[in-house]
Structure formats: C-alpha cells, structure tokens
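Visitor: my questions concern the predicted model and sequence given below.
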Amino acid sequence: MDLRGLALILFLSLPTIGAIPKCCVEISPKVPLNILMMVDKYDVQSSQGVCDIDAIKLHVKGKRYCAHPKVLKILQVIEVWRGQRKAHTSWTGI
C-alpha cells in the first residue's frame, strides 16, 4: 500500500477514533436535592450499549455527576414542578 492510500484510510477513520463515549463507571446512591434542583440537563446511560452500568448523567453548571437510575423519577417530578411554576408565574390573572 502506498503512502497516499494509508493517509486516506487514516483520514477516514479519524471521526470514529475520537468518538469515545464518556461513561459513568460508578454511581452516587444519594444526590443532594439542591444539586437535583440545579440540573441543566440529564442523559440516561444504559448498560445495553457501550457503557457497563445503568446510570443517569446529570449536567450541573458545567460539571457532570453520575447518579442511580432511581433519580430519574425525582428529576421528572422536578420538571413537572418547574413547568407548573412557570405557568403560574406567567399567569396574568385577568
């Protein structure tokens, strides 16, 4: 194989080399409520994919926390509460 062929193969494989997932390797069984209230977004990690454990990846002010999957129910309640709170604060009372 000539040098151009090798360079082409390396160039085409670059996107797949950099796509290493950031998996949680351990989870925190208890996450303080004040951290849960500040969650910007969360991702569900499944052990059925490339990661070894089930976890909820919490993103809070640029930091990432790994929590037990049971935390998902609490996050959903917080989302509903935030939605209701926004609806109540935008109500004009006419």
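Guide: Looks like it arrived, so ask away. These numbers were taken from a predicted model, which means no experiment stands behind them. Residues are numbered from 1 along each chain as shown.
Visitor: alpha carbons only for contacts and neighbour counts from here, please
Guide: Noted.
Visitor: pLDDT value on Gly83, please?
Guide: Here the pLDDT value assigned to Gly83 is 84.
Visitor: is it in a helix, a strand, or coil?
Guide: helix (DSSP: H, G, I helix; E, B strand; the rest coil).
Visitor: neighbours around it, how many?
Guide: A count of nearby residues for Gly83, using other Cα atoms under 10 Å, gives 12.
Visitor: okay, and the beta partners of Ile56?
Guide: For Ile56, the beta-bridge partners under DSSP bridges are Val44, Ala67.
Visitor: from memory it sits against Val39, does it?
Guide: No. Counting by Cα atoms under 8 Å, Ile56 stays clear of Val39, with 11.4 Å between them.
Visitor: and the two? which has more neighbours close in?
Guide: For Ile56 and Val39, the more surrounded residue by other Cα under 10 Å is Ile56, and the numbers stand at 22 against 19.
Visitor: so what's that one up against?
Guide: 42-45, 66-69, 71-72 (Cα atoms under 8 Å, 6 or more residues apart in numbering).
Visitor: hmm, try it at 10 Å
Guide: Residues near Ile56 by Cα atoms under 10 Å, 6 or more residues apart in numbering: 24, 27-28, 42-46, 65-72.
Visitor: picking up where we left off before, and for Ile56 and Val39, which residues touch both?
Guide: Common contact partners of Ile56 and Val39 (Cα under 10 Å, 6+ apart): Tyr65.
Visitor: what average pLDDT does the host helix or strand of Leu58 get?
Guide: Using DSSP states H and E, Leu58 falls within strand 55-60. For strand 55-60, mean pLDDT is 95.
Visitor: now the host helix or strand of Lys73: buried residues?
Guide: Taking DSSP H and E as the criterion, Lys73 maps to helix 71-90. For helix 71-90, a neighbour-count test (16 or more other Cα atoms under 10 Å) marks 71-72, 75 as buried.
Visitor: that one packs against which elements?
Guide: helix 33-37, strand 41-45, strand 55-60 (3 or more Cα pairs under 10 Å, 6 or more residues apart in numbering; DSSP states H and E).
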